[in-house]
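Asks: Just to be clear, the model below is a prediction. Sequence and coordinates:
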Amino acid sequence: MKRVGVVALNTFREAVRDRVLYNLLFFALVMMAASIIAGQISIGIEETVIATLGLSAISLIGLLIAIFIGVGLVSKEMDKRTLYALLAKPVRRWEFLLGKFGGLILTLAVNTAAMGVGLFLALVYVKPTLERGDAAVFVAVYFIWLKLALVVALALLFSCFTTPLLAILFTAGIYIVGLYVQELRDLPVAVMSPGMTAFTKWLSYLLPNFENFNIMAMAAHSRPVPGALVAQNTLYAAVYCAIVLTGAVLVFSRRNLK
Amino acid sequence: MALIAKNKSMTAPAIETENLTKEYPHGFLNLKKRTSLEGLNMQVEEGEIFGFIGPNGAGKSTTIKLLMRLIFPTAGSARILGKPISDIEMHRDIGYLPEQPYFYDYLTAAELLDYFARIHDLTAADRKARVQKMLKKVGLETAGKIQLRKYSKGMLQRVGMAQAILHDPKLVILDEPMSGLDPVGRREVRDIILELKRDGKTVMFSTHILSDAEMLCDRVGVIVGGKLRGVGAPEQLVDMKTQGVEILFELAGQSTAALLSKATRAGDRYRLQVQEQDLYEAIEQLRTAGAKILSVSQVRATLEEFFMDLVEADRAQAAAVEVSGK
């Protein structure tokens, strides 16, 4: 496991040196714009506007990083052949994969945490008194990070057996479908054949349910988040990531490098 | 055609392959197979410098990648230092330089070496000392703090060499180590290889620069078209192919001797190449013609000639062979 940590820290260092964290500047601009817009519209919903805009920006920026850098984690190393020297050392392929995954979710943790703090400061700025429910914004940021970890795992899996472009399309596709898993589950039975109903039901449980991680409305209205939901989402993300990463390891362990 | 001249050794071979084969699927639905390496049976003995020579696309890098488990064999097996290549712990004792190495360009050379030293579980003090020692050894001590994205191809090759020997491995496998280096760099790599041998390490390196192989190797393996065509000491391989005898003589004025038409002339001096069994008859004819014989020497075939014959016989890519000359 020590080697996983070494690879993860190097992946984190790569992200920092490749100026991935510069996106925080962009986020700061979004937050400033949100504060100005909130100040110009009717009293009482500044907090909602800022929270909604801020969380959406955190999610969008994180998704771009998770998909594009996530796909490149392995494919770039294979393309540039930087992993040849590494894999000739006493490093197992699963250690390399887990290290790359760990490095990117660490980068995303730092990134989302920094943006979360920025968002909270913006909320404090427009709201004179704080309530217990305001901490929900941090839970919302944590859920976004869990969602991003799942997206990274999927990007890693696809990049192990297909081209980077297709891996990006597959990951983005699954993410979009994953937002509508509940709708897929609730499709009216009357319009479909029994076989199709069973298939969509089965598919809806197989696909990751990304909407589970969306508590933007709760955070925007400072409603406290139940502890059970936090535990449930954490477990769901951990188990789903473990399954997807196991698949990635199985594929990558058998893969011939160029 | 295959010429196998194995050195018998009491110790287990450093590298041993048995029927190692690699096929790549290609074409429509991957239905066709292209064989990159066919039934390789080879041994590299402990403590020797073994050169793996062949034209581009002959299967040298494929063999090395199979040994490093970067690709997996279609058939056959291999053992390194007495252990199967699937044993990951065995990699502690191996150093590997990939062909045209490329490393994380956001790191400096010192950081890259430190990263690899961490992978090898070296202590902080050991890491620091070894990184400095390696940078000095490959002539990069003043460039150790520069990001690798600013390095030339030759400098990257030196970094590659440094990371291959960083952890003091027993066996060093180098894929085209002289590639991209200027004459000074090549000389330095040659010196490192010889130093490794002096330290009791085993070195296997692939090259298509035959003079390097002739100069450095205890034994070479010649691979052409994915098949091993010969293994042995360079002089042993080339001695198998006799080229006859060359007579150098002087002859003033004109002569009607029939042999003269076969000789090459430079002023009054002639060079004539004949088969060994025809030597005395040729000398007699030249003496009768009034020639003054200056020297008679055996024509020794070079590794290059041996190699080129194999390549041509195989209709392989002779044009890709790079001959550096001596």
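Replies: Yep, that arrived.

Asks: The residue lying closest to B:Gly185 once chain neighbours are set aside: neighbour count?
Replies: Of all residues not flanking B:Gly185 in the chain, B:Gly154 sits nearest, at 5.2 Å (C-beta to C-beta, 6 or more residues apart in numbering or on different chains). Where you see a C-beta, it was placed from the backbone N, CA and C, and this is true even at glycine. Using other C-beta atoms under 10 Å in any protein chain shown, B:Gly154 has 15 neighbouring residues.

Asks: Same question for B:Gly154, what's its three-state structure.
Replies: Secondary structure, DSSP: H, G, I helix; E, B strand; the rest coil: B:Gly154 is helix.

Asks: List phi and psi for B:Asn19.
Replies: Backbone torsions of B:Asn19, given as degrees, to the nearest 10, read phi 50, psi 40.

Asks: hang on, the earlier thing: in contact with the residue nearest to B:Gly185, which residues are there?
Replies: Applying C-beta atoms under 8 Å, 6 or more residues apart in numbering or on different chains to B:Gly154 gives the contacts B:180-182, B:185.

Asks: Swap in 6 Å and give it another go.
Replies: B:Gly154 sits next to B:180-181, B:185 when contact means C-beta atoms under 6 Å, 6 or more residues apart in numbering or on different chains.

Asks: any chance of those residues in TSV, with neighbour count too?
Replies: Supplementary listing: the contacts of B:Gly154 in TSV, determined by neighbours: other C-beta atoms under 10 Å in any protein chain shown:
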residue	neighbour count
B:Gly180	18
B:Leu181	20
B:Gly185	19
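
Asks: In helices, which of these appear?
Replies: Judged by DSSP state H, the subset of the contacts of B:Gly154 located in helices is B:Gly185.

Asks: quick check, nearest of the contacts of B:Gly154 to chain A?
Replies: Nearest to chain A out of the contacts of B:Gly154 is B:Gly180 (C-beta to the nearest C-beta; 14.5 Å).

Asks: Next one, pLDDT for the nearest residue in space to the closest one that is not next to it in sequence please.
Replies: Leaving out its chain neighbours, the residue that sits closest to B:Gly180 by C-beta to C-beta, 6+ apart is B:Lys153, at 4.1 Å. pLDDT for B:Lys153: 86.

Asks: just checking, B:Lys153 touches B:Met178?
Replies: No: counting by C-beta atoms under 6 Å, B:Lys153 stays clear of B:Met178, with 12.0 Å between them.

Asks: Comparing these two, which residue is more hemmed in?
Replies: A count of neighbours by other C-beta under 10 Å puts B:Met178 above the other of B:Lys153 and B:Met178, at 23 against 12.

Asks: what about the more buried one, distance to chain A?
Replies: Taking C-beta to the nearest C-beta, to the nearest Å as the measure, B:Met178 falls 18 Å from chain A.

Asks: mind checking the SS state of that residue?
Replies: Assigned with three-state DSSP, B:Met178 falls in the coil class.

Asks: Take the host helix or strand of B:Val131, keep the C-alpha atoms, and write them as CSV.
Replies: Here B:Val131, judged by DSSP states H and E, is contained in helix B:124-137. Taking C-alpha atoms only, helix B:124-137 is exported to CSV below (Å, rounded to 0.1, in the frame of the first residue of the first chain):
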residue,chain,number,x,y,z
ALA,B,124,15.4,9.1,3.0
ALA,B,125,19.2,9.3,3.6
ASP,B,126,19.9,6.5,1.1
ARG,B,127,17.6,8.2,-1.4
LYS,B,128,19.4,11.5,-1.2
ALA,B,129,22.9,9.9,-1.5
ARG,B,130,22.0,7.6,-4.4
VAL,B,131,20.2,10.3,-6.3
GLN,B,132,23.2,12.6,-6.2
LYS,B,133,25.6,9.7,-7.0
MET,B,134,23.5,8.7,-10.0
LEU,B,135,23.2,12.3,-11.3
LYS,B,136,27.0,12.6,-11.1
LYS,B,137,27.5,9.2,-12.8
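
Asks: Just the buried residues of that helix, please?
Replies: In terms of neighbour count (16 or more other C-beta atoms under 10 Å in any protein chain shown), helix B:124-137 has its buried residues at B:127, B:130-131, B:134-135, B:137.

Asks: what's the helix or strand where A:Leu169 lies in contact with?
Replies: If you go by DSSP H and E, A:Leu169 is part of helix A:164-178. Outside helix A:164-178, the residues that touch it by C-beta under 6 Å, 6+ apart are A:67, A:71, A:75, A:151, A:154-155, A:158-159, A:207-208, A:210.

Asks: what about 10 Å?
Replies: Residues outside helix A:164-178 that contact it (C-beta atoms under 10 Å, 6 or more residues apart in numbering or on different chains) are A:63, A:66-68, A:70-72, A:74-76, A:78-79, A:147, A:150-163, A:183-184, A:203-204, A:207-213.

Asks: Quick one: mean pLDDT over the helix holding B:Val131.
Replies: In this model, helix B:124-137 carries a mean pLDDT of 94.

Asks: contacting residues around B:Asp168?
Replies: Neighbour list for B:Asp168: B:92-93, B:95, B:120, B:122, B:130, B:199, B:201 [criterion: C-beta under 10 Å, 6+ apart].

Asks: Tell me the secondary structure of it, please.
Replies: coil.

Asks: Look up phi and psi at it.
Replies: Recorded main-chain torsions at B:Asp168 are phi 60, psi 60, according to degrees, to the nearest 10.

Asks: Any buried residues in the helix holding A:Leu169, and which?
Replies: Buried residues in helix A:164-178, counted by 16+ other C-beta under 10 Å: A:164, A:167-168, A:170-172, A:174-175, A:177-178.

Asks: Closest one to A:Leu245 out of the residues you listed, please.
Replies: Closest approach between the buried residues of helix A:164-178 and A:Leu245, by C-beta to C-beta: A:Thr171, at 14.1 Å.

Asks: Report the separation between that closest one and chain B.
Replies: 24 Å.

Asks: which residue packs closest to that residue, ignoring adjacent ones?
Replies: Spatial nearest neighbour of A:Thr171, excluding adjacent residues (C-beta to C-beta, 6+ apart): A:Ala155 at 4.5 Å.

Asks: The one you found: helix or strand, and which one exactly?
Replies: According to DSSP H and E, A:Ala155 maps onto helix A:136-159.

Asks: I'd like the average pLDDT over that helix.
Replies: Average pLDDT, helix A:136-159: 96.

Asks: Could you quantify the relative orientation of that helix and helix A:164-178 as an angle?
Replies: Helix A:136-159 runs at 140 degrees relative to helix A:164-178, counting by axes from the mean of the first three to the mean of the last three C-alpha atoms, to 10 degrees.

Asks: show me where pLDDT drops low in chain A?
Replies: A:39, A:42-44 (pLDDT under 70).

Asks: near chain B, which residues of it show up?
Replies: A:2-3, A:5-7, A:9-11, A:13-18, A:77, A:79-93, A:95-96, A:99, A:253-258 (C-beta under 10 Å from any C-beta of the partner chain).

Asks: What remains of the residues you listed if I keep only buried residues?
Replies: By 16+ other C-beta under 10 Å, the residues of chain A next to chain B give A:3, A:6-7, A:9-11, A:13-15, A:77, A:81-91, A:93, A:95-96, A:99, A:255, A:257 as buried.
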